[in-house]
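Peer 1: Here you go, sequence then predicted model.
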There are 2 protein chains.
Amino acid sequence: MWGTRKRRVPQTRFPNLLLKYIKPMKTRNKQNLLAAALACVLAFTAAAARAADPLPSWNNGQAKKSIIAFVELVTKPSSPDFVPVPERIATFDNDGTLWCEQPLPVQLYFTLDRVKALAPQHPEWKTTEPFASLLKGDLNTALAGGERSLLELIMATHAGMITAEFEQIVKDWIATAKHSKTGRPHTQMVYQPMLELLAYLRANGFKTFIVSGGGIDFMRPWTEQVYGIPPEQVVGSSIKTKFEMRDGKPVIVRLPELNFIDDKGGKPVGINQHIGRRPVMAFGNSDGDREMLEYTQGGTGQRFMLLVLHDDATREYAYGPAKGLPDVKLGAFTAALYDEAKKNNWTVVSMRDDWAQIFPSGKNTIAGN
Amino acid sequence: MWGTRKRRVPQTRFPNLLLKYIKPMKTRNKQNLLAAALACVLAFTAAAARAADPLPSWNNGQAKKSIIAFVELVTKPSSPDFVPVPERIATFDNDGTLWCEQPLPVQLYFTLDRVKALAPQHPEWKTTEPFASLLKGDLNTALAGGERSLLELIMATHAGMITAEFEQIVKDWIATAKHSKTGRPHTQMVYQPMLELLAYLRANGFKTFIVSGGGIDFMRPWTEQVYGIPPEQVVGSSIKTKFEMRDGKPVIVRLPELNFIDDKGGKPVGINQHIGRRPVMAFGNSDGDREMLEYTQGGTGQRFMLLVLHDDATREYAYGPAKGLPDVKLGAFTAALYDEAKKNNWTVVSMRDDWAQIFPSGKNTIAGN
């Protein structure tokens, strides 16, 4: 196009101003100009394709098609399945759905780091489980007590300070902590296809919420920056808190007492408590999300449910035990859940087949895991 | 102006079309036209003033000035006190702040009506307090047990069904229940100046939340229609709920167990739990709002706190006991709260002096109360 136009310049009615600049050019410069023009054209074409495709990191498979078809179905005003904007609620699990949860959930690494940081103030931890094993680096023994051990670790590290202090602790940690395999910050270990999906849904009038088993106050300090999800749209597990005046200042103190576990049957309860409407779309990746998807599907009208199956050992992790994939302690996608998904027409995303790209930067995938 | 123009009509260049209509008129018709024209001019002037004035039902006093000055201060990008849109959180108490809470809070009337409706299924209530007295119409004896009696009444009427059923019960009741003095629906007993304030704040990028001691699920079915506040922006007291599959359908069951009381020190806790940020502006009317306003003021940067004082016995109700006004059992604004407001530079609205209009329709004020 540019070449054609250049040849035609002398025949146009207002060429002189342009010719003044073009005439002194040498052949090499003309080639450069041509290359630059071609680059411009290619960039424009790519941008146009991108604008036309709201989910460029999704391969053109059934999963992508089902998402777009559903959004078009419920947002077209003439559609019998039209959903008014205020009712367009989409809920997303976090661990394993929006960001990487292997080899262990990120909040567990945060907890371990906090135990180490606080150990000097707790000499008794050297001889008290689960702290003693943890400080010796023996994670398996530390967590052998199951939920009770985990709760003890959480209370020792997540309570006892005011909310503003805890927020700062999380911000400082998340700014520097790195994934054990890739060495990248955890906030860069988020799934590019899901970032695109969040943006696509918001562009279509959806309000996007996180509904996670993770700690609500562990997520809020960074979800707005990373996912575009503000604190008031984050639902999660929590400990009890208490208002008090401390040195004349009004503060909220974090108490070592469980308030709410936002997992399994807790997810619909948390959704009802925080949002007060059934979601129209719900996204998860593990057995902890089953009830959220069931609850979503139980609403009237059209609903959309999706599960991410981690079956990409090259670019991320492969775990189930659904479809014969290796089992995991935390974040399992069981065969029973897979069967329920198929029976209920939930969309199951194969990370390997449906996602053209996993992380925001194409590099640094988790090879060999 | 119009008179002047009329005299000049014959001298204009395009008068004939107008004269065609004016000429046949008799003197009386001309006077009518003049009156109509004057009405038009006045209506136009009023509309222009209204467009320029975001709070037309507020008299031009200190309260109105302080609100507008604050909003301009924090929304002007060049202001050193500028607050980014995502942080513009405004929280409103409901009873006595957004709608009338006298002679008793609306939810109490709902509870009493539900006891009556459910009585045939509970023959034992005839001999069990607080139900027996209530069913005999003796409210004082029924509530003599204080908080315990109230809780018993709430659990008997607000629990035991699924959330969708309770929502429908509230919708049906609120659509027909009338205020005992005015005979108007409670949803029309909302304060016009506060409706304007909600709209004004939203037009300036604020997210408006209700933070009420009232039941979260009693408010949500109607707050969007009445206040423009969606369910996910309503914080309130709640009972525990539980997810279950009932006849193959995923439902949330309301349990007869207290979950959270969103009053006094509970309000900052509820705000932290649901919103996860300190409000920039907070509005209340009673001692139950003290901690919410303290918590709001405790944030960094500029904050705005306001209390509505009900001192208008003619158009609504007059109660304190602040400023020597009559005391009330529920919704009291004590002298201590008034002193704290003055000390902390909180804005105190005098309903009598600051509000030009109380309810959306100027008629049906509560004369003589």
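Peer 2: Sure, I can see it.
Peer 1: alpha carbons only for contacts and neighbour counts from here, please
Peer 2: Will do.
Peer 1: Leaving out chain neighbours, which residue sits closest to the residue of the stretch 101-250 of chain A at minimum distance from chain B?
Peer 2: At 4.1 Å from chain B, residue A:232 is the closest residue in the stretch 101-250 of chain A, using CA to the nearest CA. Leaving aside its chain neighbours, residue A:232 sits nearest to residue B:275 (4.1 Å; criterion: CA to CA, 6 or more residues apart in numbering or on different chains).
Peer 1: With residue A:178 instead?
Peer 2: Using CA to CA, 6+ apart and skipping the chain neighbours, the partner closest in space to residue A:178 is residue A:185 (4.4 Å).
Peer 1: looking at it, the one you found is touching residue A:173, isn't it?
Peer 2: No - counting by CA atoms under 8 Å, residue A:185 does not reach residue A:173; the two are 10.1 Å apart.
Peer 1: Let me see the ranges of the strands in the stretch 201-350 of chain A.
Peer 2: With DSSP state E, counting those that start in this stretch as the criterion, the stretch 201-350 of chain A has strands at A:207-215, A:234-246, A:249-260, A:281-284, A:304-309, A:347-350.
Peer 1: Throw those strands into JSON lines and include mean neighbour count, thanks.
Peer 2: Formatted as JSON lines, the strands of the stretch 201-350 of chain A follow (neighbours: other CA atoms under 10 Å in any protein chain shown):
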{"stretch": "strand A:207-215", "mean neighbour count": "25"}
{"stretch": "strand A:234-246", "mean neighbour count": "21"}
{"stretch": "strand A:249-260", "mean neighbour count": "18"}
{"stretch": "strand A:281-284", "mean neighbour count": "27"}
{"stretch": "strand A:304-309", "mean neighbour count": "23"}
{"stretch": "strand A:347-350", "mean neighbour count": "19"}
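Peer 1: Ok, which of these comes nearest residue A:128?
Peer 2: With CA to CA as the criterion, residue A:128 lies closest to strand A:249-260 of the strands of the stretch 201-350 of chain A, at 17.7 Å.
Peer 1: so, in contact with chain B or not, the closest one?
Peer 2: Yes - using CA under 8 Å from any CA of the partner chain, strand A:249-260 comes into contact with chain B via A:249, A:250, A:251, A:252.
Peer 1: what angle sits between that strand and strand B:249-260?
Peer 2: Interaxial angle, strand A:249-260 versus strand B:249-260 (axes from the mean of the first three to the mean of the last three CA atoms, to 10 degrees): 140 degrees.
Peer 1: Show me what strand A:249-260 is packed up against.
Peer 2: Using 3 or more CA pairs under 8 Å, 6 or more residues apart in numbering or on different chains; DSSP states H and E, the elements in contact with strand A:249-260 are helix A:147-158, helix A:163-176, strand A:234-246, helix B:290-297.
Peer 1: where are the low-confidence patches of the stretch 1-150 of chain A?
Peer 2: Segments of the stretch 1-150 of chain A classed as low confidence (criterion: pLDDT under 70) are A:1-51.
Peer 1: what residues does it put near chain B?
Peer 2: Contact residues (CA under 8 Å from any CA) of the stretch 1-150 of chain A with chain B: residue A:86.
Peer 1: Now do the strands in the stretch 1-150 of chain A.
Peer 2: Under DSSP E, counting those that start in this stretch, the stretch 1-150 of chain A gives strands at A:89-92.
Peer 1: residue boundaries of the helices in it?
Peer 2: For the stretch 1-150 of chain A, the helices defined by DSSP state H, counting those that start in this stretch cover A:2-8, A:16-22, A:27-52, A:62-75, A:106-118, A:131-135, A:139-142, A:147-158.
Peer 1: residue nearest the centroid of chain A?
Peer 2: Central residue of chain A (CA atoms, centre = their mean): residue A:98, 2.1 Å from the mean position.
Peer 1: In contact with that residue: list those residues for me.
Peer 2: By CA atoms under 8 Å, 6 or more residues apart in numbering or on different chains, the contact set of residue A:98 is A:92, A:190, A:191, A:194, A:195.
Peer 1: Would you list the phi and psi of the fourth one?
Peer 2: Okay, so that is residue A:194. Reported as degrees, to the nearest 10, the phi and psi values for residue A:194 are phi -80, psi -30.
Peer 1: do the same with the third one
Peer 2: Per-residue torsions, residue A:191: phi -90, psi 120 (degrees, to the nearest 10).
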